[in-house]
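A.B. asks: Would you be able to build a 3D model of this:
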Amino acid sequence: MKIALVHECVAGYHGSERVLAELAGVYPDAPIFVTACERGVLDGTPLAGRDLRTTWLDRLLRVPGLRGRHRLMLPLMPHAVETHDLRGFDVVISSHHAAAHGVLTRADQVHLSYCHSPARYAWDLVHEHVDPARAAPLKRAVLHRFRQWDQLAGRRVDAFAANSAAVARRVRKTYGKAATVIHPPVDTARFDPTREREDFYVVLGRLVPYKRAGVVVEAFNRMNAGGVPRRRLVVIGDGPLEKTLRRAAGPGVAFAGELDDAAVADHLQRCRALVFAAEEDFGMAPVEAMAAGAPVIALDRGGARETVIDGETGVWFAAAGTGPTADEVAAAVHRFEGSGVRRAAAGLNSHAASFGRAPFCRAVGGWVQDALRTFERNRPSD
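C.D. replies: Numbers count the residues shown, from 1 in each chain. The predicted structure is shown next:
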């Protein structure tokens, strides 16, 4: 049985690429089809040296002035994805958060799609990305056309898996299909939960609006107002909001920038807790924090509801509006400091291990086998 893997444009080695690396480990002989890949971003990763096959979009993104501007290529992605030639394969597994699920397959081929989420900037977060009162009509029209293609592409998939129950609900709403929930793999084994804790909190992730690091910074500003800072916050990550956040940060808030895996692990192994204010599809950072023995103060939406146990491994906080406020984050920190969590570091690490690499690989293997059996049962007789 010949298997092909399909992924989006590769612009870095982030969460979806880590999932792709695990899929590639399960199917080591499978070539990987991507629309484009920025040079060098996979060096030193498990995907280095794999058979990576790109499209004409990859050549376009090498033109001076277009390098690194893959986000502008959304109108071209459906066409690029449909040019992947998959005729020689029995099973196609796509890793999808934008357009990879839109590949063309024959009726006798099985197409399975692991969905990180239907493209949120085109669906449930469209108004956060595109202000309906100010956006150019062309931009709105592009997203409208993409949504039409996206739904049609979803109909071509034989079976979906989703990285969380929250994403499974989006898959059903967007594509009208059920999805098997398979939580993504987190490398929990690389953390040491026995390190001595220090008195600082951590925010971890890209500094972009939906991650809501600014709300956490403002919460710590308010808690530290009027005197010597009593609470320290370390912000790990970079992104377009970094300069704005640095200007807004008060005493007690420090910026570490983008750190390598070892440095991130070091901070999580020493911090008092991770503060996680984003509504993520799944969210690997809370699982990594728990693997490192750190509790998580998390917004009770999205994937965090499936990974963080309120009162046991962390503290949930609700948001009255579309997103949390600084006062809501501050109240959650106060609650955590007052009551703590019931599980010690070893218990946090044990809970995180249920979201590790081995459970993911077993679940993927079972999902693929179940889908193949279903496909064979429904195959029309000659």
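A.B. asks: what about the strands in the chain?
C.D. replies: 3-6, 32-33, 52-53, 91-96, 110-115, 159-162, 179-181, 201-204, 233-236, 253-257, 273-276, 296-299, 314-317 (DSSP state E).
A.B. asks: Mark out where each domain of the protein begins and ends.
C.D. replies: 3-185+356-378, 188-353 (automatic domain parsing).
A.B. asks: any idea of the mean pLDDT in the shortest one?
C.D. replies: I take that to be domain 188-353. Summarised as a single mean, pLDDT over domain 188-353 is 95.
A.B. asks: One more: stretch 109-116?
C.D. replies: What stretch 109-116 shows for mean pLDDT is 97.
A.B. asks: What lies in contact with it?
C.D. replies: 15-16, 19, 23, 86, 89-97, 100-101, 103, 105, 156-163, 167, 171, 179, 182, 184, 281-282, 364, 367-368, 371-372, 375 (C-beta atoms under 8 Å, 6 or more residues apart in numbering). Yep, even glycine has a C-beta here, placed from its N, CA and C like the rest.
A.B. asks: which parts of it are buried?
C.D. replies: Within stretch 109-116, the residues that qualify as buried are Q109, V110, H111, L112, S113, Y114, C115, H116, counting by 16 or more other C-beta atoms under 10 Å.
A.B. asks: Output the below-cut-off pLDDT ranges for the stretch 51-200 of the chain.
C.D. replies: Across the stretch 51-200 of the chain, the ranges flagged by pLDDT under 70 are 132-135.
A.B. asks: let's see it at 50
C.D. replies: For the stretch 51-200 of the chain, no stretch is flagged by pLDDT under 50.
A.B. asks: Tell me which stretches of it form helices.
C.D. replies: 56-60, 77-81, 126-129, 137-155, 165-175 (DSSP state H, counting those that start in this stretch).
A.B. asks: what separates the third one from the chain centre, distance-wise?
C.D. replies: Relative to its chain's centre, helix 126-129 lies at 18 Å (C-alpha atoms, centre = their mean, to the nearest Å).
A.B. asks: go on, the last one?
C.D. replies: Using C-alpha atoms, centre = their mean, we find the averaged C-alpha position of helix 165-175 to lie 15 Å away from the chain's own average C-alpha position.
A.B. asks: So which other helices or strands are in contact with that helix?
C.D. replies: helix 137-155, strand 159-162, strand 179-181, helix 304-307 (3 or more C-beta pairs under 8 Å, 6 or more residues apart in numbering; DSSP states H and E).
A.B. asks: Output the ones you listed as CSV; include the columns mean neighbour count and distance to F220.
C.D. replies: Shown next, in CSV, are the helices and strands packed on helix 165-175 (neighbours: other C-beta atoms under 10 Å; distance: least, C-beta to C-beta, whole Å):
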stretch, mean neighbour count, distance to F220
helix 137-155, 15, 35
strand 159-162, 23, 34
strand 179-181, 19, 34
helix 304-307, 22, 20
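A.B. asks: Of these, which is nearest G321?
C.D. replies: In terms of C-beta to C-beta, the element of the helices and strands packed on helix 165-175 nearest to G321 is helix 304-307, at 17.5 Å.
A.B. asks: Give me the contacts around the closest one.
C.D. replies: 164-166, 183, 276, 280, 282-283, 286-287, 290, 296, 298, 316, 355.
A.B. asks: In the residues you listed, which residue is surrounded by the most others?
C.D. replies: In terms of neighbours by other C-beta atoms under 10 Å, those top out with M290 at 33 neighbours.
A.B. asks: quick one on the thing from earlier: turn the buried residues of stretch 109-116 into TSV, columns for distance to L233.
C.D. replies: Below are the buried residues of stretch 109-116 laid out as TSV (distance: C-beta to C-beta, whole Å):
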residue	distance to L233
Q109	50
V110	48
H111	45
L112	42
S113	38
Y114	34
C115	33
H116	28
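A.B. asks: Out of these, flag the one nearest to A219.
C.D. replies: Using C-beta to C-beta, the buried residues of stretch 109-116 come closest to A219 at H116, 28.4 Å.
A.B. asks: residues making contact with stretch 339-349?
C.D. replies: 188, 191, 193-194, 197, 290-295, 311-315, 351.
A.B. asks: Restricted to buried residues, select the contacts of stretch 109-116 in ChimeraX.
C.D. replies: To isolate the buried members of the contacts of stretch 109-116 in ChimeraX, using 16+ other C-beta under 10 Å:
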select :15,16,19,23,86,89,91,92,93,94,95,96,97,100,101,103,105,157,158,159,160,161,162,163,167,171,179,182,184,281,282,364,367,368,371,372,375
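A.B. asks: ok, back up a step: quick check: which of the helices of the stretch 51-200 of the chain is nearest to V216?
C.D. replies: Of these, nearest to V216 by C-beta to C-beta is helix 126-129, at 17.8 Å.
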